[in-house]
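> this one's sequence-less:
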């Protein structure tokens, strides 16, 4: 059977078995609970990533349109001089009834090629990436069936393979180290957003500061820009950013005197930004069970103060994201395309999972002993700890008690302190003066990074070096990275073995119920997730 005919048959089957038929859901819940507790262990095959260097035309493509219609194409190509794509295959309406076809059952062309306007495309599903594919297509292409090279760590823990957005390396005075990850929550073009990360340990040695941008995941990264932000600071000061994007010069910084946590006093793990982190394990009976940590600060300075918190997420969110994609299987592209086309229902379902996992909620104890909510920290991402500032109400006391409330097993806290907010600071934006591809032939990256209408697109193993000219290098600055973009996760071939629309219905339709009953499966891999993740980064060999 030809690939096109096979895909056509799949479309007909999809018409017969709609995902999430609501009248079936109550009956399915009991089935799903049983099935979720009997998950199988997968063995993943070692293969090379599907990146080829042939011509730009590709085969076996699904083109999801903004109006819900769909092209299933045997051949797909793009005119690089226009915003038009072309193809041969079958065109369906949003109900998956055939509108037209330009091939016969044997795959022979019987009519003119389809002309498809790029602005009308929500998402393209492909099963291979070609080096000559234009960025216009790469930036909206979901690799739907990747046959990928995977380490032994990935084989042991399929949901722990390295992923989650671009990674940025900077000089810390001793070595070039990982300091930031970009736009971790921007999993589709619809979610494209800015991200601001403090480069807490960055140490420019002279007037030129170098950043290394890498794609170490099985993802397509679409980067609109990556600029430095310089924040002037005085002697003994640091500059911290609030969740609202305000920057404050901060002095008289004090770590906590004590930390009351379920495991005891963990204060030594939180007194400095040193990668010695306080974290807990999840609740095996309820993945959204909460815990509280109480911090006591003494000798708190007068005036306006703020809580400084350095933290990152654990790999619980990565695990759940991958599990949701696996349950969707071959429907993942359809689900993503509905979000891209503006359908609010699947977007709300996805966002609801994040809402249930929750942020780090910050409370301060007032003079009457009541806990007053001061703010929250919700930045996603398990790769690099970021530093956040929460402005606190004045208590008039030299001793301040702070409570952090969060989901058990979801957060790793590296640093906590309070400081006096001296004044608000304005950042100096520095764009890269030079962008060099280190392991591919891309010669236009520098212009792309300076044109907000264009994007730099990276594939697994890509490395770029960016240089920034620091004005007045003798001045004292805190450095931040401001990046914008999104990324597209590559579907793994063996994830399709876990495709289960019943479980997908529960995962996205009743996420609270799912998260309260999926704890036992997560506990089976939780202890090894951190090591597995860091040992499965993808680096292209030259």
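Cool, the structure landed. Predicted model, so just to flag it, every value in this text is computed and none were measured.

> where does the protein have low pLDDT?
Segments of the chain classed as low confidence (criterion: pLDDT under 70) are 1-57, 130-134, 145-164, 441-444, 446-450, 474, 536-542.

> Kindly list the longest helix within it.
Ranked by residue count under DSSP state H, the longest helix found in the chain is helix 519-534.

> all helices for the stretch 1-150 of the chain, in order.
In the stretch 1-150 of the chain, helices defined by DSSP state H, counting those that start in this stretch lie at 3-16, 25-36, 135-138, listed in chain order.

> again with the stretch 401-542 of the chain
For the stretch 401-542 of the chain, the helices defined by DSSP H, counting those that start in this stretch cover 445-450, 501-509, 511-517, 519-534.

> To what extent is the closest residue to residue 365 other than its chain neighbours buried, counted in neighbours?
Beyond its immediate neighbours in the sequence, the residue positioned closest to residue 365 (CB to CB, 6 or more residues apart in numbering) is residue 401, lying 4.1 Å away. Just so you know, the C-beta spots here come from the backbone N, C-alpha and C atoms, and that holds for glycine as well. A total of 19 residues lie near residue 401 under the criterion other CB atoms under 10 Å.

> ok, so what distance separates residue 401 from residue 524?
From residue 401 across to residue 524, the span is 37 Å (CB to CB, to the nearest Å).

> I'd like to know how far residue 135 sits from residue 382.
Using CB to CB, we find residue 135 at a distance of 28 Å from residue 382.

> Just give me the residue right at the centre of this structure.
Closest residue to the average C-alpha location of the chain: residue 184 at 3.0 Å, with CA atoms, centre = their mean.

> Shouldn't it be within a strand?
No: looking at residue 184 with DSSP: H, G, I helix; E, B strand; the rest coil, it is coil, so not inside a strand.

> And it, its phi and psi?
phi -60, psi -30 (degrees, to the nearest 10).

> residue boundaries of the helices in the stretch 251-400 of the chain?
Counting by DSSP H, counting those that start in this stretch, the segments of the stretch 251-400 of the chain that form helices are 316-328, 332-340, 344-357.

> Any idea which of these gets closest to residue 497?
Checking those against residue 497 by CB to CB gives helix 316-328 as the closest, at 8.3 Å.

> My guess is residue 169 contacts residue 179. True?
Yes: using CB atoms under 8 Å as the test, residue 169 is close enough to residue 179 to be in contact (6.8 Å).

> Tell me which of the two has more neighbours.
When residue 169 is set against residue 179 and neighbours are counted by other CB under 10 Å, the residue ahead is residue 179, at 24 against 19.

> In terms of secondary structure, what does the host helix or strand of that one contact?
Element membership for residue 179, per DSSP states H and E: strand 176-181. Strand 176-181 is packed against strand 167-171, strand 193-198, strand 477-489, with contacts defined by 3 or more CB pairs under 8 Å, 6 or more residues apart in numbering; DSSP states H and E.

> Direction included, what does the longest one pair against?
So that's strand 477-489. Each strand paired with strand 477-489, and its direction, by DSSP bridges: strand 193-198 (antiparallel), strand 219-232 (antiparallel).

> re the thing from before, please identify the most buried of the helices and strands packed on strand 176-181.
For the helices and strands packed on strand 176-181, average neighbour numbers computed from mean count of other CB atoms under 10 Å are highest in strand 477-489, which has a mean of 23.

> What is the distance between that strand and the centre of its chain?
In terms of CA atoms, centre = their mean, to the nearest Å, the centre of strand 477-489 is set 12 Å apart from its chain centre.

> any idea of the angle it forms with strand 167-171?
160 degrees (axes from the mean of the first three to the mean of the last three CA atoms, to 10 degrees).

> Need the strands paired with strand 477-489 in TSV (columns: distance to residue 473).
Rendered in TSV, the data for the strands paired with strand 477-489 read as follows (distance: least, CB to CB, whole Å):
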stretch	distance to residue 473
strand 193-198	20
strand 219-232	10
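
> Nearest to residue 479, out of these?
Counting by CB to CB, residue 479 lies closest to strand 219-232 out of the strands paired with strand 477-489; the figure is 6.1 Å.

> how much does the closest one deviate in direction from strand 176-181?
Using the same axes, to 10 degrees, one finds that strand 219-232 and strand 176-181 are set 100 degrees apart in direction.

> following strand 219-232, which helix or strand shows up next?
Once strand 219-232 ends, the next helix or strand along the chain (criterion: DSSP H and E) is strand 238-241.

> who does that next one touch, helix- and strand-wise?
Other elements packing on strand 238-241 under the criterion 3+ CB pairs under 8 Å, 6+ apart are strand 193-198, strand 247-254, strand 386-392, strand 411-425, strand 477-489.

> Turn these into CSV, including distance to residue 271.
CSV is the format used below for those (distance: least, CB to CB, whole Å):
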stretch, distance to residue 271
strand 193-198, 18
strand 247-254, 10
strand 386-392, 14
strand 411-425, 8
strand 477-489, 20
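
> Out of these, which is closest to residue 467?
Judged by CB to CB, the one of the helices and strands packed on strand 238-241 that comes nearest to residue 467 is strand 477-489, at 14.1 Å.

> how big is the angle separating that closest one from strand 411-425?
Strand 477-489 and strand 411-425 meet at an angle of 130 degrees, taking the same axes, to 10 degrees as the criterion.

> hmm, back to that, how about the helices and strands packed on strand 238-241, which one is nearest residue 276?
strand 411-425 (7.2 Å).

> Any buried residues in that closest one, and which?
Judged by neighbour count using 16 or more other CB atoms under 10 Å, the buried positions of strand 411-425 are 411-422, 425.

> got it, and stretch 261-278?
Residues of stretch 261-278 classed as buried under the neighbour-count rule (16+ other CB under 10 Å) are 261, 266-267, 269-271, 273, 277-278.

> quick check, nearest of those to residue 124?
Nearest member of the buried residues of stretch 261-278 to residue 124, counting by CB to CB, is residue 277, at 39.6 Å.

> wait, the closest one sits on residue 416?
No: under the criterion of CB under 8 Å, residue 277 is not in contact with residue 416, lying 11.1 Å apart.

> contacting residues for residue 221?
When the contact criterion is CB atoms under 8 Å, 6 or more residues apart in numbering, the partners of residue 221 are 165-166, 182, 215, 457-459, 485, 487.

> repeat that with 10 Å
Residue 221 makes contact with 138-139, 165-167, 182-183, 186, 213-215, 455-460, 462, 485-488, according to CB atoms under 10 Å, 6 or more residues apart in numbering.

> distance of the closest residue to residue 275 other than its chain neighbours from residue 308?
Beyond its immediate neighbours in the sequence, the residue positioned closest to residue 275 (CB to CB, 6+ apart) is residue 414, lying 6.3 Å away. Counting by CB to CB, the separation of residue 414 from residue 308 is 11 Å.

> Now the common contact residues for the two.
Overlap between the contact sets of residue 414 and residue 308, as judged by CB under 10 Å, 6+ apart, is given by 273, 387.

> re the thing from before, give me the common contacts of residue 169 and residue 179.
Counting by CB under 10 Å, 6+ apart, the contacts common to residue 169 and residue 179 are 211, 384.

> Okay then, goodbye and thanks.
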